[in-house]
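K.L.:
Structure for the following, please:
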Amino acid sequence: MDKNLKTVLLLGLGITAMTKEAIEKAVADLKEKGAFDEEEAKKMLDELVEKSRENNAKMKKMLDEQIKKALEASPIATKRDIEQLEEKIEKLAKKVDKLGK
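P.N.:
Sure, this is the predicted structure:
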């Protein structure tokens, strides 16, 4: 795997893992300091976690697009490439069988 692509992927996974922990800690700290009560803390936590999920989905989409671009630019055959070649081989094998009979 491309070194830069691997670094971006690992960074994205690290940010995703840290985000929820960071949110929970920040909300817990604010709650302990009396910034808001239990209900407000829960509401804030839910909102921040949802926003984090949305951002993570956007990051995943971006990473997927970058991985797809990297694979398209690489000399590695994709699953679809292999399937297409298998279909062609099967058609040619049938033609050869017909010619042999």
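K.L.:
From residue 38, how far off is the spatially most central residue of the chain?
P.N.:
Against the mean C-alpha coordinate of the chain, by CA atoms, centre = their mean, the closest residue is residue 60 at 3.6 Å. To residue 38, residue 60 is 32 Å away according to CB to CB, to the nearest Å. In this view, the C-beta of every residue, glycine as well, is placed from N, C-alpha and C.
K.L.:
Please apply the same query to residue 78.
P.N.:
Here residue 78 is placed at a distance of 51 Å from residue 38 (CB to CB).
K.L.:
So between these two, which is more surrounded?
P.N.:
Counting neighbours by other CB atoms under 10 Å for residue 78 and for residue 38 shows that residue 78 has the greater number, 12 against 8.
K.L.:
contacting residues for that one?
P.N.:
Going by CB atoms under 8 Å, 6 or more residues apart in numbering, residue 78 touches residue 71.
K.L.:
among the helices and strands of this structure, which one scores worst on average pLDDT?
P.N.:
helix 3-32 (a mean of 63; mean pLDDT, DSSP states H and E).
K.L.:
other SSEs contacting the next helix or strand after that helix?
P.N.:
For helix 3-32, the following helix or strand on the C-terminal side (DSSP states H and E) is helix 38-73. Judged by 3 or more CB pairs under 8 Å, 6 or more residues apart in numbering; DSSP states H and E, helix 38-73 is in contact with helix 3-32.
K.L.:
where does the chain dip in pLDDT?
P.N.:
Counting by pLDDT under 70, the chain shows low-confidence ranges at 1-19, 36.
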